[in-house]
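*Asks:* for reference, the sequence and a predicted model appear below.
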Amino acid sequence: MEAVLETLASIHHHGESLGDLAHDARNMVTALSLYCDLLEEPGVLSPAHHHYGSELRLVAEACRRLVEKLSLLESGDEDAPGTISFLQERLFPDIAETHSGPGSLVDEPWSAGLIDDLRQELLSSRGLLAAIAGPSVTVRTAAEGGARQVRMSSENLIRVLVNLVKNSAESMGGAGMIELYLTECRDADGAVHLVLTVEDTGCGIPGEFLEKVFAPGFTSRGGEQPGALWLSGHRGRGLSITRSIVAAAGGRIHAENRAPNGTRFIIELPVRNT
């Protein structure tokens, strides 16, 4: 899907529409779903590996929803579909002047549905996150409460968790641990907020970069040695997209270093009452 989005950014003078590319991408996602069906047939995977089939289907479903969003973008009338300005504002909200809002890829009303139980969503994602982190990294998920509704879709939650876990794993350059922990808290007015903490045992982030890592385009790639700095995702978009998604859900995210080493990301989300 990242390759599809990169292609979309360069089609403005090739005569292809978003609808044409979305059609082709939809065919690929359909093929992926068919392979999921095969993997879930009895005897194809050993019992210890059955979870890979369901986790791959989760990825395929997220891709399908992204493709449907691309199809909806074809009807945009602010700019001509396929132009660079249209693509930047609609497909790459992290580098647009406004990070979220109607028409962006983090706009929740476009999603298939909002989360009714954040605790369940977090705990059910452990297998997928462990696969992304790799065999040398231990991924732990835990929750104390948190079985509440939030204004974020399952799709966008996975995007947030994948960005954070993937970058944490890359920052270690070897063995380590990533822990995800969900709790509840109340503000001064008594409103309930959910707090999702993602922390790792990696190299940490220099203090002057704790806020800069969320800036569009910020990355330590291209010259830094592995493990020298907590990486902010390929092409420097991962954490910017993550902050956009959290902000669209009415929440906020910040980074801090943990003792004696590693990084901690704290996400605060308000509870959805309707």
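*Replies:* Sure, I can see it. Residues are numbered from 1 along each chain as shown.

*Asks:* C-alpha from now on. contacts and neighbour counts both.
*Replies:* Noted.

*Asks:* for the chain, what's the longest strand?
*Replies:* Longest among the strand segments of the chain by residue count, using DSSP state E, is strand 176-186.

*Asks:* who does it pair up with?
*Replies:* According to DSSP bridges, strand 176-186 has the following sheet partners: strand 137-143 (parallel), strand 192-200 (antiparallel).

*Asks:* and the longest one, what's buried?
*Replies:* Read that as strand 192-200. By neighbour count on 16 or more other Cα atoms under 10 Å, the buried set for strand 192-200 is 192-200.

*Asks:* packing partners for the helix or strand that that strand is followed by?
*Replies:* The helix or strand immediately downstream of strand 192-200 is helix 238-248, counting by DSSP states H and E. Judged by 3 or more Cα pairs under 8 Å, 6 or more residues apart in numbering; DSSP states H and E, helix 238-248 is in contact with helix 154-172, strand 252-257.

*Asks:* and of those, who's closest to residue 273?
*Replies:* Nearest to residue 273 among the helices and strands packed on helix 238-248 is helix 154-172 (17.2 Å), distances taken as Cα to Cα.

*Asks:* lowest-pLDDT helix or strand in the protein?
*Replies:* Here the helix or strand of the chain ranked lowest by mean pLDDT, DSSP states H and E is helix 84-91, holding a mean of 44.

*Asks:* what's the next helix or strand along the chain from that one in contact with?
*Replies:* Downstream of helix 84-91, the next assigned helix or strand under DSSP H and E is helix 118-124. With Cα atoms under 8 Å, 6 or more residues apart in numbering as the test, helix 118-124 has contacts from 115, 141-143, 145-150, 154, 182.
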